[in-house]
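Chemist: Here is a sequence together with a model predicted from it:
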Amino acid sequence: MKFRFTIYLLVLACGAFAQQKRESSVGDWKKLSLREKIGQTMLMLPDREDELRLGGGSLEGFFKNYPVTGFFMGWKLFVNVPEDQKVNHLKKSLVEYQQASRLPLIFQQDYENGIALPGMTSLPREMALGAANSTTLTYDYGTSLAREARSLGVKWVLHPVADLSINPLNPIVNTRGISDDPEKAVRLLSRQLKGLQDNGVAATIKHFPGDGMDSRDQHLTTTTNSLSMPQWKQYHGKVFQALIDSGVAAIMPGHITLPAYQKEKLNGFFPPATLSRELLTDLLKKDMGFKGVIVSDAMTMGGFRGWYPNQLEGEIQSFLAGVDVLLWPSYEFMDTVEARIKRGEIPIARLDDAVSRIWAMKKKYGLLDKNNQLLREMTKEEKSFAQSTAQAIAENAVTLVRDRNSAIPIDSAKSKKILVIGVTTESRKGGDGGLEVLKNFASGLTKKGFDVDFQRNLLYETQGWTEDVTSRYDKVIVAVVRQTHTPFGPLQLYDDEAQTAWGVNAMPKDKVIVVSFGSPYLLNEYFERVNTCINAYSNGPEMHNAVIRVLTGEIQAKGVSPVILERKNPELN
């Protein structure tokens, strides 16, 4: 209670302090000092030790020396912070930052499928919105996320993903994308970003010029959008142009090339969009008329690094190419850009263009207002709305891919004994692959009156698993969780997970139900002979509950696949 009261006092103090400062500070970006202008292009990761070092022991000193535009309130903020203290720690840190800064800060996060913090609402992944196919629910999704983000002081999200999941082998888009259909993507995404922006949060579409074609991951290497220009204008280009016309606040380019448009090479290769003046300034800003903020993807990624002799030079060249806000640059960036501008090596017009864009966004979202509300608490009604929205999306997204022998619904009186096999990965990156969360699905079936056993994977060769083992169960539900970056690499099944597919295909098919709580493509890739298959896209409580309700006949599966499951190769139809 004492800690919460302290937060409350800090918020009040910050509101008064920020108002007093803004009354005496510039309202016109043209009045900013050169370093303040450069700082508007830098959005940093929180690192209090580094900040105090750079500020001579104080945050006020830090902002005086390095007046950055804001912070990405992500993973680095929470190092060594207990789970139950993360929300308060975020709010306290945000207040301290703004209190120490003369200029209005903007705070940012991804929040691609809700806010993964205690007390926040878990939202289904983007592809579930494509399956639910409802403009109303998509707008409500944006509204719910915006309200929760603002309750934490976050007014800029790197969301939604506008990439089209065209190649089933792409390891980075998949369920993060809404569809492979540009018409559906435009219709739904335009409502999602409107829900965000109507409720005071700047939306960002990513990753220009469009991911989802390559079979590689731009976190690891520079990747390629291989479409011809007529195809690009029909697919990714159509989506980005329509959302630009809808008024999206920001666009994130990826570490992705578009060879059909590019002519200039660097060291014999086409550079990624984050380093390409052709793609950012010529195509995006001039040809497509984008007037908002271009924010880079993380500059730590493999697709960005190594193009120049050192990381700092890469950051500067990205800025010169047309990036307005750099995500997590080095602090040396400010010092170096300042020196080069003073020497006439960097045109001041490039800096002014960037600053005018970020300043306009801050003004639009109230950050320059004297009475700007740093933290906006949600009402009980808004919290309830967020939770009901998440559940409604899930229930409308569950997709019955096939049920050849009408095995659904299942009845606890007739199919009492159930084995749930959780197919999840385990790695340094990605943790347990969603195993602990998935166990709630098995618990939910138990609450419905089924006698449920749960095990992770099925080691066909070493566990003595033969066809007669299934005689102990009435149904075997194979719950597959394969999501991007859990771990890094392709989204196919490997090792123990692959052995599970082997074992499932050896079982009597009348007993097996496969549910994918992740990649929708796995059902046809590994389980095409299984008669009953469901795609659910997300591994979260709202989706577990929705799938159980479908399995037991409480609701019908309403979702329609937002991607073509039969496509064997990445060519367009």
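Modeler: Received, thanks. In this text, all values refer to a predicted model and were calculated from it rather than measured experimentally.

Chemist: for the chain, what helix or strand is lowest in average pLDDT?
Modeler: helix 2-24 (a mean of 44; mean pLDDT, DSSP states H and E).

Chemist: so what are the domain limits for the protein?
Modeler: For the chain, automatic domain parsing gives the domain ranges 2-23+69-380, 399-551.

Chemist: ok, now which ones touch the spatially most central residue of the chain?
Modeler: For the chain, the residue whose C-alpha lies nearest the mean C-alpha position (Cα atoms, centre = their mean) is residue 112; its distance is 3.1 Å. Applying Cβ atoms under 8 Å, 6 or more residues apart in numbering, we find residue 112 in contact with 125, 126, 158, 159, 160, 161, 176. Where you see a C-beta, it was placed from the backbone N, CA and C, and this is true even at glycine.

Chemist: what's the distance between the residue of the chain most remote from its centre and residue 506?
Modeler: Relative to the C-alpha centroid of the chain, counting by Cα atoms, centre = their mean, residue 468 is the outermost residue, at 43.5 Å. Noted for residue 468: a distance of 11 Å to residue 506, by Cβ to Cβ, to the nearest Å.

Chemist: Just give the nearest non-adjacent residue to residue 556, would you?
Modeler: Spatially, and ignoring its direct neighbours in sequence, residue 556 is nearest to residue 550 (7.2 Å; Cβ to Cβ, 6 or more residues apart in numbering).

Chemist: so who does the nearest residue to residue 116 once chain neighbours are set aside touch?
Modeler: Nearest non-adjacent residue to residue 116, counting by Cβ to Cβ, 6+ apart: residue 122, 7.7 Å away. Residue 122 is in contact with 113, 114, 116, 390, 540, 541, 542, counting by Cβ under 8 Å, 6+ apart.

Chemist: Report how many residues lie close to the second one.
Modeler: What it means is residue 114. 22 (other Cβ atoms under 10 Å).

Chemist: And whichever strand or helix holds residue 131, what does it pack against?
Modeler: Secondary structure assigned from DSSP states H and E places residue 131 in helix 126-132. Helix 126-132 sits against helix 135-151, helix 182-198, helix 380-397, with contacts defined as 3 or more Cβ pairs under 8 Å, 6 or more residues apart in numbering; DSSP states H and E.

Chemist: contacts for the following helix or strand past the first one?
Modeler: Under the assignment DSSP H and E, the closest C-terminal helix or strand after helix 135-151 is strand 156-157. Strand 156-157 is contacted from outside by 70, 106-111, 145-146, 149, 196, 201-204, 249-250, 361, 365, using Cβ under 8 Å, 6+ apart.

Chemist: same deal with stretch 517-527?
Modeler: By Cβ under 8 Å, 6+ apart, stretch 517-527 touches 127, 168, 174-175, 399, 401, 434, 438, 441, 478-483, 491-493, 501, 504-505, 514, 516, 530, 533, 535-539, 543-544, 547, 561, 563, 565-566.

Chemist: mind running it again at 7 Å?
Modeler: Stretch 517-527 is contacted from outside by 127, 168, 174-175, 401, 438, 479-483, 491, 493, 501, 504, 514, 516, 533, 535-539, 543, 561, 563, 565-566, using Cβ atoms under 7 Å, 6 or more residues apart in numbering.

Chemist: in that stretch, what counts as buried?
Modeler: Across stretch 517-527, burial judged by 16 or more other Cβ atoms under 10 Å covers 517, 518, 519, 520, 521, 522, 523, 524, 525, 526, 527.

Chemist: what secondary structure does the second one sit in?
Modeler: Going back to what we said before, that points to residue 518. Secondary structure assignment for residue 518 (DSSP: H, G, I helix; E, B strand; the rest coil): coil.

Chemist: what's the pLDDT at it?
Modeler: As predicted, residue 518 sits at a pLDDT of 98.

Chemist: Confirm residue 168 sits in a strand?
Modeler: No. Assigned with three-state DSSP, residue 168 falls outside any strand and is coil.

Chemist: quick revisit: for the contacts of residue 122, which one is nearest residue 48?
Modeler: residue 116 (21.9 Å; Cβ to Cβ).
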